[in-house]
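Colleague: how does the following fold in three dimensions:
(one chain, ligands or ions: 1)
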Amino acid sequence: MNANVTQLIRAQVRGHLVQPGDPDYDSARAVHNGMIDRHPALIVECADENDVQVAISIARDHGMPLAIRGGGHSGPGFGTCDAGVVADLAALREVTVEPSTGIVRVGGGATWADVDRATAPHGLSVPCGVISSTGVGGLTLGGGHGYLARKYGLTIDNLLAADVVLADGRRVTADSSHEPELFWALRGGGGNFGVVTTFTFQAHPVSTVIGGPMLWAWEDMPAMMRFFVDHCADLPEDVYGFFAELIVPPGPPFPEALHLSRACAIVWCSITDPSRTTKALEPFRRHRTPIVDFVGPLPMPAINSMFDVLYPKGTRSYWKGDFFEAVDEEAVALHEKYGRQVPTVQSTMHLYPIDGAPARVAPDATAWGHRGTRFSQVIVGADASPASDATVSSWARDYWLALHPHSAGGGYVNFLMGDEGPERVRGTYRANLERLAAAKAKYDPGNLFRVNHNITPA
Ligand SMILES: Cc1cc2nc3c(=O)[nH]c(=O)nc-3n(C[C@H](O)[C@H](O)[C@H](O)COP(=O)(O)OP(=O)(O)OC[C@H]3O[C@@H](n4cnc5c(N)ncnc54)[C@H](O)[C@@H]3O)c2cc1C
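Modeller: As a prediction, the model looks like this:
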């Protein structure tokens, strides 16, 4: 980008501009996934909505790719691009809470840790994911599932409104009565429709939970996986647990004798009282004796951030996702086979229940295409060292390929990688894809917002 153009842009924005050659260029272009190494022409660290409008107009008017960065946690690195403009929203992270109504307004570049910090003092929580460093922007626009999902739904089911800057530079508020089609598309359609500068959520009265991981020896994995799949839907909806395969981290609080051993786990988060929780978890404790049982009372922000330390910025990750209606005997055997090969401490397989409240929302009420499906699965190959890239990636890919024939087709859009084609996007949105393409034609006919799992304008 030539110096005159940069000069002109500099005069228009309040935030910081970063270009190749600047001392902070390498840190400014880095996203969470250390495997991503892209070189944008310009990074606009947006200070306000006006800066967002400027970033959009530069990309549009110069025919350049435009990457929108919320928390920067996208696996395929959609928060950056080569030879284009990055609109980094990290400075738009203000969170305000109305304690009497539970309405929470969140800046488009906030993380869930920012939200927790603001809501927890009021005994409130917004349903989010299981790692608090993730961005509100990408997680919400893709759907968002986590500890409160069975009781209160996906993150999008708690979205009341969004302030959006569109591809043509207009600023609109989308909710159920203003721009309703945009509001529909934003709830699951990812970053395809505009830049959300403020999300408005309905929070819920959740403060102390009873949660944490329960681990079983690897030889109990098949029995525990079967038991989990057969019984987790019978749990009260205020008791949530996701299933995991892992290598026990070599440090506290895990007993030394277990360090680096293979195990399976259920990570619990119950928002009901202690006696109902104990009763609900008792059959799982009885089915096979846990080797570690860390379940206890915790503030909600503590469980939301419990695993942040495992995935610091720069972790090199390759992941694959799918949805599942069932996990049959053949699938359990495949999990046993590939779980035995989990290559690193940061690599894992998670099976997240999405029954309960998410399943009660009509399949066409939001763009999210898998209402009624029982599980969302992610296989994460991850490590700190570039030397492990090939090993962790091929493990995740092979595991996914083996399980995929048992899946419901498509995967949670936030668990798709960059090497997945339009068929995967179709499988993800199913019957909602046509309506999404029509909304895309209305709100972004030139496909400016294409650094994402793209929806082609109809
Ligand atoms: C360690 C880890 C744990 C995770 N756990 C969960 C989980 O428990 N549950 C879950 O649902 N997901 C989970 N995810 C997936 C997560 O939802 C996605 O990676 C998500 O894209 C992260 O959002 P972000 O804003 O940080 O990402 P970014 O890379 O900033 O953005 C991702 C996409 O969203 C778009 N986008 C972001 N913000 C905005 C905005 N304000 N306006 C318009 N477009 C925007 C971007 O353009 C891009 O296409 C996890 C990811 C990681 C790395």
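Colleague: host element of residue 282?
Modeller: Element membership of residue 282, judged by DSSP states H and E, is helix 274-287.
Colleague: for that helix, packing partners?
Modeller: Counting contacts by 3 or more Cβ pairs under 8 Å, 6 or more residues apart in numbering; DSSP states H and E, helix 274-287 packs against strand 208-217, helix 221-231, strand 239-247, strand 262-270. All C-beta spots, glycine's among them, are computed from the backbone N, C-alpha and C.
Colleague: of these, which approaches the ligand most closely?
Modeller: With distances scored as Cβ to the nearest ligand atom, the stretch of those nearest to the ligand is strand 239-247 (8.4 Å).
Colleague: and the closest one, what does it pack against?
Modeller: Here strand 239-247 touches helix 149-152, helix 221-231, strand 262-270, helix 274-287, strand 348-353, going by 3+ Cβ pairs under 8 Å, 6+ apart.
Colleague: tilt between the helix holding residue 282 and helix 221-231?
Modeller: 140 degrees (axes from the mean of the first three to the mean of the last three Cα atoms, to 10 degrees).
Colleague: which strands and helices lie in contact with the helix or strand that helix 274-287 is followed by?
Modeller: The element immediately downstream of helix 274-287 (helix or strand, assigned by DSSP H and E) is strand 292-293. Packed against strand 292-293 by the contact rule (3+ Cβ pairs under 8 Å, 6+ apart) you find strand 208-217.
Colleague: so which bits of the stretch 51-200 of the chain are right by the ligand?
Modeller: Contact residues (Cβ under 6 Å from any ligand atom) of the stretch 51-200 of the chain with the ligand: 68-75, 78-79, 89, 108, 129-131, 134-135, 137-139, 141-142, 144-146, 190-191, 195-196.
Colleague: looking at those, which are in strands?
Modeller: Using DSSP state E, the subset of those located in strands is 68-69, 195-196.
Colleague: coming back round to it: what residues of the helix holding residue 282 count as buried?
Modeller: 277, 280-281, 284, 287 (16 or more other Cβ atoms under 10 Å).
Colleague: got a winner among the ones in strands among the residues of the stretch 51-200 of the chain next to the ligand for most neighbours?
Modeller: Ranked by the number of neighbours (other Cβ atoms under 10 Å), those place residue 69 first, at 33 neighbours.
Colleague: centroid-nearest residue for this structure?
Modeller: residue 139 (4.0 Å; Cα atoms, centre = their mean).
Colleague: what sits against it?
Modeller: If a contact means Cβ atoms under 8 Å, 6 or more residues apart in numbering, then residue 139 has 71, 73, 112, 128-129, 155, 414 as its contacts.
Colleague: need the pLDDT of it.
Modeller: Predicted confidence (pLDDT) for residue 139: 98.
Colleague: now do it against residue 24, distance only.
Modeller: Between residue 139 and residue 24 the distance is 26 Å, computed by Cβ to Cβ, to the nearest Å.
Colleague: could you dump the helices and strands packed on helix 274-287 to TSV with mean pLDDT, mean neighbour count and distance to the ligand?
Modeller: TSV is the format used below for these (pLDDT from 0 to 100; neighbours: other Cβ atoms under 10 Å; distance: least, Cβ to the nearest ligand atom, whole Å):
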stretch	mean pLDDT	mean neighbour count	distance to the ligand
strand 208-217	98	21	14
helix 221-231	98	18	17
strand 239-247	98	23	8
strand 262-270	98	24	10
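Colleague: please name whichever of those is nearest to residue 61.
Modeller: Evaluated over these, closeness to residue 61 peaks at strand 239-247, with 45.1 Å, by Cβ to Cβ.
Colleague: so what are the sheet partners of the closest one and their directions?
Modeller: strand 262-270 (antiparallel), strand 348-353 (antiparallel) (DSSP bridges).
Colleague: turn these into TSV, columns for distance to residue 162.
Modeller: As requested, the strands paired with strand 239-247 are exported to TSV (distance: least, Cβ to Cβ, whole Å):
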stretch	distance to residue 162
strand 262-270	27
strand 348-353	24
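Colleague: between those, which one is closest to residue 60.
Modeller: Among those, if distance is taken as Cβ to Cβ, the winner is strand 348-353, at 37.1 Å.
Colleague: ok, and what's touching the closest one?
Modeller: Taking contacts as Cβ under 8 Å, 6+ apart, the residues outside strand 348-353 that touch it are 145-146, 149-150, 225, 228-229, 232-233, 240-246, 324, 327, 335, 338-339, 342, 374-380, 382, 399.
Colleague: rewinding a little: from the contacts of residue 139, which ones fall inside helices?
Modeller: Within these, residues falling in helices by DSSP state H are residue 112.
Colleague: done for today, thanks.
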